[in-house]
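**Student:** okay, here's the prediction I keep looking at, along with the sequence it came from:
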Amino acid sequence: MCFSVDESVFCACWDYNRHIPNRLILSSQTLPIVGIMRAVTAATCLLAAGLSCFFYGSDVLPLLGGLSLSDPASMPERRSPQGVLYTDLQHIVNADGLHLFCRYWEPVEPPRALVFIVHGTGEHSGPYDEIAQKLRDQSLLVFAHDHVGHGQSEGERMNVKDFQVYIRDSLQHIDLMKSRHPDLPVFILGHSMGGAVAILTACERPSDFAGVVLIAPMIKMNPESATPFKVFLAKVLNHVLPRLPLGSINSKWVSRDKSKVEAYDADDLNHHGGVRVSFGWQLMGAAARIEKEIPTISWPFFLLHGDADKLCDIRGSKIMFDKAPSPDKKIKIYEGGYHALHLDLPDVAQSVLKEVSAWITEHLPLN
């Protein structure tokens, strides 16, 4: 683990190049901060101990005796939801102290650009291996992470306190890679909810990105599933029963390729339960934000959407293409295409790989 500490930012990252664990970087300016952190940690633990005694009695104290604040070796080791030590996994640690599992596809040749892949709701970064390899073969350095509460990352499953967390974490990971490759242009590729994250991430720093690729992005809520009554009901339930599970994602609409649907259903890293009210409310809020941002979008983008998509309304992509003032924009609609075009029927999936690779290559700066 490599910690970098300054007066305003605490950031932690796993060094995927050197694999150096437990390397602490401190300076004379950071030592007072570390002291404050230790004091806050000690106070928090004492408060927890006091509350434990209040609720459970003094019998709980022997259980706390084995934990030493001064001995890091006595602290529990962090593991992924699947039980794997994070010291054995590529990861970053976000601003909330949660470990996010990461993937990197590095080309043999010096990279020509960075491409950050953003996955969708309830899935993880693994299913993007084929498209990532295709881009890597074009001498592009591709990277991704599992969102909080998804895949091999920490966090309550399919729950986030604010959609902005996904954007903040994306910018943290992008900044980390930019610090290692400061002269390379950066692209974002987002699918489904990941498309919404990609759009809002690019809107926060429009001059930082050479282009954005959006595969069936979540831009507009489906009016059939987000009727005025359902929106009102979700708003009320978000205050009283935020954890109430609603309908789950119907995997049959992911792809027309039955083998891909079967793989989706068999993947334990995917979330197969219901979508909570609080999570649905965050998605609605993200769609509302995007609607306001569209008239300001000036960065290059490429939209790909299937006209038979039942999970993310294609009308959102059409609205973005029509109303965004960007002078460099493209849309490709796949007749009969389902939601995950990169996992759809072989001819469609191969077309998506080819189109995305060509578009990014066309937008690379000339040497």
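**Tutor:** Cool, the structure landed.
**Student:** spatially central residue for this protein, please.
**Tutor:** Nearest residue to the geometric centre of the chain (C-alpha atoms, centre = their mean): residue 147, 3.6 Å.
**Student:** end to end, how far does stretch 146-159 reach?
**Tutor:** Using C-alpha to C-alpha, to the nearest Å, the end-to-end distance of stretch 146-159 comes to 13 Å.
**Student:** any idea how far that stretch is from the chain center?
**Tutor:** 9 Å (C-alpha atoms, centre = their mean, to the nearest Å).
**Student:** contacting residues around it?
**Tutor:** 78, 80-82, 84, 89, 91, 94, 96, 98-102, 119, 121-126, 145, 160, 165-166, 169, 197, 243, 269, 271, 273, 275-276, 278-279 (C-beta atoms under 8 Å, 6 or more residues apart in numbering). Quick note: C-beta positions are derived from backbone N, CA and C, even for glycine.
**Student:** same question for it: list its buried residues.
**Tutor:** 146-155, 158 (16 or more other C-beta atoms under 10 Å).
**Student:** lowest pLDDT pick from these?
**Tutor:** Across the buried residues of stretch 146-159, the smallest pLDDT goes to residue 158, namely 89.
**Student:** doesn't that residue fall inside a strand?
**Tutor:** No. Counting by DSSP: H, G, I helix; E, B strand; the rest coil, residue 158 falls outside a strand, being coil.
**Student:** give me the distance between it and residue 195.
**Tutor:** 18 Å (C-beta to C-beta, to the nearest Å).
**Student:** coming back round to it: from the contacts of stretch 146-159, which land in helices?
**Tutor:** If you go by DSSP state H, these have 165-166, 169, 197, 278-279 in helices.
**Student:** tabulate those (TSV), appending neighbour count, pLDDT and distance to residue 228.
**Tutor:** Shown next, in TSV, are the ones in helices among the contacts of stretch 146-159 (neighbours: other C-beta atoms under 10 Å; pLDDT from 0 to 100; distance: C-beta to C-beta, whole Å):
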residue	neighbour count	pLDDT	distance to residue 228
165	20	98	28
166	24	99	27
169	24	99	32
197	27	99	26
278	19	91	20
279	25	93	20
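**Student:** nearest to residue 337, out of those residues: which one, please.
**Tutor:** Nearest to residue 337 out of these is residue 197 (C-beta to C-beta; 21.5 Å).
**Student:** residues contacting the closest one?
**Tutor:** The contact partners of residue 197, taken as C-beta under 8 Å, 6+ apart, are 118, 147, 163, 166-167, 170, 190, 286.
**Student:** ok, now with 10 Å
**Tutor:** Applying C-beta atoms under 10 Å, 6 or more residues apart in numbering to residue 197 gives the contacts 118-120, 147, 163-167, 169-170, 188, 190-191, 217-218, 286.
**Student:** again, but for residue 331
**Tutor:** Taking C-beta under 10 Å, 6+ apart as the criterion, residue 331 is in contact with 214, 301-305, 314, 317-318, 320-322.
**Student:** ok so residue 142 is a helix residue?
**Tutor:** No. Under the criterion used here (three-state DSSP), residue 142 is strand, not part of a helix.
**Student:** residue 344 versus residue 261, what's the distance?
**Tutor:** From residue 261 across to residue 344, the span is 11 Å (C-beta to C-beta).
**Student:** who has more neighbours, these two?
**Tutor:** Each of residue 261 and residue 344 has its neighbours counted (other C-beta atoms under 10 Å); residue 344 has more, 25 against 19.
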